[in-house]
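>>> With the sequence up front, the predicted model follows.
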Amino acid sequence: MITPDYVRRMAAYNAWQNRQMDRAMAGLSLEALEADRAAFWGSILGTANHLLWGDQIWMARFGVGAAPDVKLADSPRMHPTHATWSAERFRMDGRITLWAEKLRAVDLTGRMRWYSGAMEQEVSRPVGALVVHFFNHQTHHRGQIHAMLTAAGAQAPQSDLFAMPETG
């Protein structure tokens, strides 16, 4: 379904997008970042926190690092400031990049089984499809953040994959 090269490309895209998003968020006050913007996770910072939470939970499922110590419902409040979120986002993007660099084709085969708190049941899915979901989840929530940043008057990031600087 997917290759290690695809995963590496998506990991680079993820890090590039998050660096841009971080810069845009840095230009806003904490009040603007926390303002309820009628998004599913409420605010810019709440959605950014949820996205980080999702990355942590999936990386733990993929065997890289620990799962977050907060529940899904509490994910928007995981990091109370832009600075604390930014530091953890930087670390997570490094973890994702290192994972992607070490990935082999065989690592993307087979099935993964886990208990889904969101679905409240045991789930089994193809690993490749879950990795695609992992990156799709990031893109989905960054799209929401992009819209909220624009509404807040910030310069929203360039999000087109083809516009990403070449990495090699």
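Received the coordinates, thanks. Numbers count the residues shown, from 1 in each chain.

>>> what comes up buried for the helix or strand Gly128 falls within?
Here Gly128 is covered by helix 127-151, with elements defined by DSSP states H and E. The neighbour-count check on helix 127-151 (16 or more other C-beta atoms under 10 Å) flags 127-128, 130-132, 134-135, 137-138, 141-142, 144-146, 148-149 as buried. Where you see a C-beta, it was placed from the backbone N, CA and C, and this is true even at glycine.

>>> quick check: mean pLDDT across it?
The average pLDDT within helix 127-151 is 96.

>>> before we move on, back to that, looking at the buried residues of helix 127-151, which is nearest Ser29?
Leu149 (13.1 Å; C-beta to C-beta).

>>> For that closest one, give its distance to Thr84.
Using C-beta to C-beta, to the nearest Å, Leu149 is found at 19 Å from Thr84.

>>> Over to Met112?
30 Å.

>>> Tell me which of the two has more neighbours.
Neighbours of Met112 and Thr84, each counted by other C-beta atoms under 10 Å, are more numerous for Met112; the result is 16 against 12.

>>> excluding its backbone neighbours, what's nearest that one?
Distances taken as C-beta to C-beta, 6 or more residues apart in numbering place Val127 nearest to Met112, at 5.2 Å, with adjacent residues excluded.
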